[in-house]
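**Student:** just to be clear, the model below is a prediction. Sequence and coordinates:
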Amino acid sequence: MTDLAPRIARTDTPEGPGVLLHGRWGAAELGTRRQWKALSAQLHAQQGGAGLGWDLRELQWLDHVGAQLLWNHWGRAWPERLALTDIQRDILERVAEFTVAEPPPPEPWSLAKEVDHLGLLVLHGVDHARHMLQMVGQLVLDLLRLARAPQRGPWRDVSGHLYRMGATALPITALVGFLIGVVLAYLMSLQLRQFGAESFIVNILGISLIRELGPMLAAILVAGRSGSSITAQIGVMRVTEELDAMRVMGIPHGFRLVMPRTLALALAMPLISVWTTLAALAGGMLAADVAMDISPAYFVQALPSAVKVGNLTLAMTKSVVFGACIALIGCHWGLRVKPNTQSLGEGTTASVVTSITMVIIVDALFAIAFKSIGI
């Protein structure tokens, strides 16, 4: 072992036993595997002495790597007896100042904790379901109140929501629907051409777009666009304490906030669905003409015989349910927002995710239910 190698020598002083450090305690020396193992063994041998004195004055070199090693070995506390130079003390004080506490070890896996966490999630879901059921019941009562006195209804709010949720959504839904129709037509043309069944593209596009993809695509776009807007609007009212002011003035939240949005979106969704379906059919018609030489005249002529009117009725019925559910979910998460911006962001995100998931689940339930009755 050379004189530059880091090492520890045991010594006795009038104050008691101590250790004397020699060599260079730096990154270059401690980075050598052989020297690191030898020094680690020497440090491990010194762990038994609680009142051990440390003398660093004989060190030829000490940098922050060596100082960090010593500081960790001391248990991140200064020893009772320590002899060192001013420069060495500055280095150790800097290391002590910027040393980050080690994170606590992860808790071991426990079946009881997992069951408890699952129970909390179930109770949380039951609480949301109870609040949604209360909203639906209150909506029914508000609709009965509106039917008894239509002249006192919030028609101005309904009209405004119809415009914001319906008319302003037409450009984006038409664009997305048109592109989806083009993509579907091109993909199906590659497969139908192999079997000489190009004419069946009218049947496939008509059934898939009018019955399923058109309403569901429109609902997903509206859920991301209008559902989040509903939650954000009501959530901001919670943050600015407008909901509390409405309660103090005796203005019911259900009649002035929930019912107008639900009515507006339930009325607008069938129209948006038809608009999106028509745009998708136009895109499919254009792609079929370009890729398969199927003229738009033949497409328009064959479409009524390929798609029965019952499919359009089913699509409109689903769209009404989609719109009402999206509005109710948006209002639900908006009313549950806490008066802080973090809760507002989390509620808006949860509203969009829940609405899109609900759209897919309800669409699957409609498909199963109407298949059972032969539609």
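**Tutor:** Received the coordinates, thanks.
**Student:** outside of stretch 327-342, which residues touch it?
**Tutor:** For stretch 327-342, contacts defined as Cβ atoms under 8 Å, 6 or more residues apart in numbering pick out 128, 131-132, 135-136, 139, 226-235, 237-239, 241, 243, 253, 257-258, 261-262, 264-266, 343-344, 347-348, 350-351, 354-355, 358. Where you see a C-beta, it was placed from the backbone N, CA and C, and this is true even at glycine.
**Student:** recalculate using a threshold of 7 Å.
**Tutor:** 131-132, 135-136, 227, 230-231, 233-235, 238-239, 253, 257-258, 261-262, 265, 343-344, 347, 350-351, 354-355, 358 (Cβ atoms under 7 Å, 6 or more residues apart in numbering).
**Student:** same check on stretch 212-224?
**Tutor:** With contact meaning Cβ under 7 Å, 6+ apart, stretch 212-224 is reached by 169, 172-173, 176-177, 180, 269, 272-273, 276-277, 280, 315, 318-319, 322, 326, 352, 355-356, 359, 363.
**Student:** repeat that with 8 Å
**Tutor:** Against stretch 212-224 from outside (Cβ under 8 Å, 6+ apart): 165, 169, 172-173, 176-177, 180, 184, 265, 268-269, 272-277, 280, 315, 318-319, 322-323, 326, 352, 355-356, 359-360, 363, 367.
**Student:** got it, and stretch 57-70?
**Tutor:** With Cβ under 8 Å, 6+ apart as the test, stretch 57-70 has contacts from 3-4, 6, 20-27, 30, 43, 54, 56, 83-85, 88, 91-92, 94-95, 99.
**Student:** okay, and which of those map to strands?
**Tutor:** L20, L21, H22, R24, W25, W54, A83 (DSSP state E).
**Student:** out of those residues, which end up buried?
**Tutor:** L20, L21, H22, R24, W25, W54 (16 or more other Cβ atoms under 10 Å).
**Student:** and the furthest pair within the residues you listed?
**Tutor:** Within those, R24 and W54 form the most distant pair, 17.0 Å apart (Cβ to Cβ).
**Student:** where does the prediction get shaky in this protein?
**Tutor:** 1-3, 47-51, 372-375 (pLDDT under 70).
**Student:** kindly recompute the last result at 80.
**Tutor:** 1-4, 10-18, 30-31, 44-52, 74-77, 80-81, 98-105, 194-199, 370-375 (pLDDT under 80).
**Student:** in it, which spans are strands?
**Tutor:** Assigned by DSSP E, the strands in the chain fall at 7-13, 16-22, 24-25, 53-55, 61-62, 81-83.
**Student:** thanks a lot, catch you later.
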